[in-house]
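Student: Structure for the following, please:
(one chain, ligands or ions: 1)
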Amino acid sequence: MANIESVLQETRVFPPSAAFQAQANVSGMASHQALTARAAADYEGFWADMARAGISWKKDFSKILDESNAPFYKWFYDGELNVSYNCLDRHLPEKADKTALIFEADDGAVRRVTYQALYNQVCAFANGLKSRGVQKGDRVIIYMPMGVEAVVAMQACARIGAIHSVVFGGFSAKSLHERIRDAGARLVVTADGSIRGGKMLPLKSAVDAAIALGDCECVEAVVVYRRSGDDTAWNAARDIWWHDLVNGMAQTCEPEWVNAEHPLFILYTSGSTGHPKGVQHSSGGYLLGAILSMQWVFDARPDTDVFWCTADVGWITGHSYVVYGPLALGMTEVIFEGVPTYPDAGRFWKMIQDHQVTTFYTAPTAIRSLIKLGSDLPRQYDLSSLRLLGTVGEPINPEAWMWYYEAVGQSRCPIADTWWQTETGSHMIAPLPGAVATKPGSCTLPLPGIMADVVDEHGGSVPLGQGGYLVIKRPFPSLLRSLWGDPERFRKTYFPAELGGKTYLAGDSAHRDADGYYWIMGRIDDVLNVSGHRLGTMEIESALAANPRVAEAAVVGKPHDIKGEAVVAFVVLKGARASGDEAKKIVAELRDWVGKEIGPIAKPDEIRFGDNLPKTRSGKIMRRLLRAIARGEEITQDVSTLENPAILEQLKEAVR
Ligand code: 6R9
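Tutor: Below you'll find the model as predicted:
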């Protein structure tokens, strides 16, 4: 499947402090081991206990796990629940006036929303959706800025059993179009625009452009939240303002009780083909994963914590640790509209101070960029409220880990490096911070009940110290159930026959050290991780190839100090190879093009032109060679079969 590299040896170990351990939900390694042993001894009983303790069921389940149609697993599959009920209604008797959301806008304005107010807004919006004909099982696309209304829209869908599919606001009209069509969305929820870093970015016009691309007859209505105040083109037959939709709607709405397996949402993510995959999650199992990981990994203390996950709701992290996990536990959480560097690089630290944040969860790429912009900045703020830090999205390098630990956590807060994926729904490998000693750069040990392993291409465990494929050997509740509309792709991608057809192949390589700690080494497929965002090289290649100037393109990643990985594109133009100012002009044009085809996050950092691409005799692009060229490495491969070795010289030059 892919090449496996090794990582540096890291020897620093940080055991939990006595103080942290004393107060932790899971305190000490013996408790961790007891949970793990319980799961190993009675796997189904373990998960059933957890599901009964964490979730309020409308109808208790009598069935736990169905493996009869593997890998299409089912969990708690005769139980009934409603996810929004679990996030809102069940807290009202005791916590109606408690703050659920502390929303900080880009310009610093703060709005607090209590559980009662959130419940009222969710119910009103749910009634609004129903008034537009949205029913259980219908798909709703949400293309919104980060804010209270995004949370409301998602919770309202969950309330009526509609399946939401959130599309990150940074994706282009073209990407949005593909997702609207694939999901067959009945309704789109958007805003006139978003405000980030002082800049307005239009959203509604992208929805109009997406629908204008055609084949979107499924969309009956577009609901528009007024945020930026920008002028917006209006189609009176289809468009409706959010405030008009909810005006006069009842602020109660009986939840739609759904089967545990009812799809809660679809979230598109990149894979190794040109088309994104619609990862489909369940209601019961997914919610359980969000709840347990909040309790275990974030050591949630609902009565005193102020939780802040900086992820946008357009990503899985925003689903599990903004919209569902913290609310299911009845916590107070911060949500932030803006960017970490506006008005300056102290924004995160100021917000932690202002809102007395106890638990802070962000991505290594944000940490690295903030180190660069002001490694002393955190010390200018009072960060004494913090008790726990987390990271997600990509491997964190030990230097960034140490800075996070010392400068932000003041050598007092444990760091939970959490490995998981869109597909796993919740944390899989991460420290339980009151139990597991951490090591900078390692996501440490699997959570209790998660049967992770590192295997070779036949599925056999490899010895400690050796690299291999990261897999999970038993189905677990929060695992994706299918790919929307493509069960065969689901089976082939995640449960390959080579591994027996029942083992979940994560798509990452990893190794374990002598203590059994996991170290993630990188993707084994053609997926790049740029600033914690998953991008398929094939998606970028198809976007480039769709440009009229381009004959052929190949895309690889190369290490980048801040983004983790940078996108390098090798392009063959129709006609002559470009050089000089002409080349610069075309580079700018192609970068913009990719921005429009996929979204700004996918723009190549570097473009190199050649008369051809290096290929094998059978015509396959030699990607390993391109990776070496992109990194500026010595070429050690045999290139004698290349038709035109001179192109290698051409491709060594990036256009600057
Ligand atoms: C949650 C999320 C998943 C991919 C995953 C892996 C990488 C995520 C990581 C990590 C090392 C961590 N990844 N967390 N690598 N250490 N703590 O990011 O989901 O966007 O689907 O990305 O991200 O490569 O396979 P998603």
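Student: Please give the centre-to-centre distance between stretch 30-46 and its chain.
Tutor: 28 Å (CA atoms, centre = their mean, to the nearest Å).
Student: for the helix or strand harbouring residue 352, packing partners?
Tutor: Using DSSP states H and E, residue 352 sits within helix 347-355. Judged by 3 or more CB pairs under 8 Å, 6 or more residues apart in numbering; DSSP states H and E, helix 347-355 is in contact with strand 99-104, strand 306-309, strand 332-336, strand 359-362. Just so you know, the C-beta spots here come from the backbone N, C-alpha and C atoms, and that holds for glycine as well.
Student: could you redo the last one with a cut-off of 7 Å?
Tutor: If you count contacts as 3 or more CB pairs under 7 Å, 6 or more residues apart in numbering; DSSP states H and E, helix 347-355 packs onto strand 332-336.
Student: I'd like the mean pLDDT over the helix holding residue 352, please.
Tutor: Taken as a whole, helix 347-355 carries a mean pLDDT of 98.
Student: Likewise for stretch 585-601?
Tutor: Here the average pLDDT along stretch 585-601 is 96.
Student: got the CA coordinates for the helix holding residue 352 in PDB?
Tutor: This file holds the C-alpha atoms of helix 347-355, laid out as PDB (Å, rounded to 0.1, in the frame of the first residue of the first chain):
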ATOM      1  CA  ARG A 347      -6.500  36.600  20.300                       C
ATOM      2  CA  PHE A 348      -6.700  33.000  21.600                       C
ATOM      3  CA  TRP A 349      -4.900  33.900  24.800                       C
ATOM      4  CA  LYS A 350      -7.000  36.900  25.400                       C
ATOM      5  CA  MET A 351     -10.200  34.900  24.900                       C
ATOM      6  CA  ILE A 352      -9.000  32.200  27.300                       C
ATOM      7  CA  GLN A 353      -8.400  34.900  29.900                       C
ATOM      8  CA  ASP A 354     -11.700  36.800  29.200                       C
ATOM      9  CA  HIS A 355     -13.900  33.700  29.300                       C
END
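Student: Residue 20 touches residue 414, doesn't it?
Tutor: Yes: the pair formed by residue 20 and residue 414 meets the contact definition of CB atoms under 7 Å, at 6.1 Å.
Student: give me phi/psi at residue 142?
Tutor: In terms of degrees, to the nearest 10, the main-chain angles of residue 142 are phi -120, psi 120.
Student: these two touch, right, it and residue 154?
Tutor: Yes: between residue 142 and residue 154 there is a contact at 6.3 Å, judged by CB under 7 Å.
Student: if I look at those two, which residues touch both of them?
Tutor: The contact sets of residue 142 and residue 154 overlap at 164, 166 (CB atoms under 7 Å, 6 or more residues apart in numbering).
Student: Who has more neighbours out of those two?
Tutor: A count of neighbours by other CB atoms under 10 Å puts residue 154 above the other of residue 142 and residue 154, at 28 against 24.
Student: next one: the helix or strand that one falls within to chain centre, how far?
Tutor: In the assignment (DSSP H and E), residue 154 maps to helix 148-160. Relative to its chain's centre, helix 148-160 lies at 18 Å (CA atoms, centre = their mean).
Student: Quote the end-to-end distance of stretch 427-436.
Tutor: Using CA to CA, to the nearest Å, the end-to-end distance of stretch 427-436 comes to 15 Å.
Student: Check whether that stretch comes close enough to the ligand to count as a contact.
Tutor: No: under the criterion of CB under 6 Å from any ligand atom, stretch 427-436 makes no contact with the ligand; the nearest approach is 7.5 Å.
Student: now do stretch 166-184
Tutor: No: using CB under 6 Å from any ligand atom, stretch 166-184 stays clear of the ligand, coming no nearer than 10.5 Å.
Student: Please point out which parts of that stretch sit buried.
Tutor: Of the residues in stretch 166-184, 166-183 count as buried by neighbour count, 16 or more other CB atoms under 10 Å.
Student: Now it - C-alpha only, PDB.
Tutor: The C-alpha trace of stretch 166-184 is given here as PDB (Å, rounded to 0.1, in the frame of the first residue of the first chain):
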ATOM      1  CA  VAL A 166     -22.300  20.800   6.700                       C
ATOM      2  CA  VAL A 167     -20.000  22.200   4.000                       C
ATOM      3  CA  PHE A 168     -17.100  24.300   5.300                       C
ATOM      4  CA  GLY A 169     -17.600  28.000   4.400                       C
ATOM      5  CA  GLY A 170     -14.200  28.000   2.700                       C
ATOM      6  CA  PHE A 171     -15.300  25.600   0.000                       C
ATOM      7  CA  SER A 172     -16.100  27.000  -3.400                       C
ATOM      8  CA  ALA A 173     -19.400  27.000  -5.200                       C
ATOM      9  CA  LYS A 174     -18.200  24.100  -7.300                       C
ATOM     10  CA  SER A 175     -17.500  21.900  -4.200                       C
ATOM     11  CA  LEU A 176     -20.800  23.000  -2.700                       C
ATOM     12  CA  HIS A 177     -22.600  22.000  -5.900                       C
ATOM     13  CA  GLU A 178     -21.000  18.500  -5.900                       C
ATOM     14  CA  ARG A 179     -22.100  18.000  -2.200                       C
ATOM     15  CA  ILE A 180     -25.600  19.400  -2.800                       C
ATOM     16  CA  ARG A 181     -26.100  16.900  -5.600                       C
ATOM     17  CA  ASP A 182     -24.500  13.900  -4.000                       C
ATOM     18  CA  ALA A 183     -26.600  14.400  -0.900                       C
ATOM     19  CA  GLY A 184     -29.800  15.200  -2.800                       C
END
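Student: quick one, what contacts residue 196?
Tutor: 106, 337, 338, 339.
Student: For it, name its beta-bridge partners.
Tutor: Residue 196 has these beta-bridge partners by DSSP bridges: residue 199.
Student: so how far is residue 342 from it?
Tutor: 8 Å (CB to CB, to the nearest Å).
Student: Surely residue 493 and residue 271 touch.
Tutor: Yes: proximity of residue 493 to residue 271 meets the contact threshold set by CB under 7 Å, at 6.5 Å.
Student: For these two, indicate the residue with more neighbours.
Tutor: residue 271 (22 against 18).
Student: Run through who's touching stretch 119-132.
Tutor: If you take CB under 7 Å, 6+ apart as the criterion, stretch 119-132 is touched by 84, 88-89, 92, 152-153, 155-156, 159-160, 162, 187, 220-221, 245-246, 249-253.
Student: tell me, what's touching residue 493 and residue 271 both at once?
Tutor: With CB under 7 Å, 6+ apart applied, the contact sets of residue 493 and residue 271 do not overlap.
Student: Assumed residue 140 was part of a helix.
Tutor: No: assignment of residue 140 by DSSP: H, G, I helix; E, B strand; the rest coil gives strand, placing it outside any helix.
Student: Mind checking if the helix or strand hosting residue 418 is in reach of the ligand?
Tutor: If you go by DSSP H and E, residue 418 is part of strand 415-418. Yes: Strand 415-418 reaches the ligand (CB under 6 Å from any ligand atom) through 417, 418.
Student: neighbours of residue 96, just the number please.
Tutor: Residues near residue 96, counting by other CB under 10 Å: 12.
Student: Determine whether any part of stretch 290-303 lies close to the ligand.
Tutor: No: legend: contact between stretch 290-303 and the ligand by CB under 6 Å from any ligand atom is lacking; minimum distance shown is 11.2 Å.
Student: Give me every residue in the stretch 301-450 of the chain lying close to the ligand.
Tutor: Residues of the stretch 301-450 of the chain lying close to the ligand by CB under 6 Å from any ligand atom are 315-317, 392-395, 417-422, 443.
Student: Relative to residue 630, how far out is the nearest residue to residue 31 once chain neighbours are set aside?
Tutor: Distances taken as CB to CB, 6 or more residues apart in numbering put residue 435 closest to residue 31, at 6.2 Å, once the chain neighbours are dropped. Going from residue 435 to residue 630 by CB to CB gives 41 Å.
Student: Would you mark the buried spots in the helix or strand that residue 210 is a member of?
Tutor: Using DSSP H and E, residue 210 sits in helix 204-212. Using 16+ other CB under 10 Å as the test for burial, helix 204-212 gives 204, 205, 206, 207, 208, 209, 210, 211.
Student: got TSV for these, with distance to residue 507 too?
Tutor: As requested, the buried residues of helix 204-212 are exported to TSV (distance: CB to CB, whole Å):
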residue	distance to residue 507
204	35
205	35
206	29
207	31
208	35
209	32
210	28
211	33
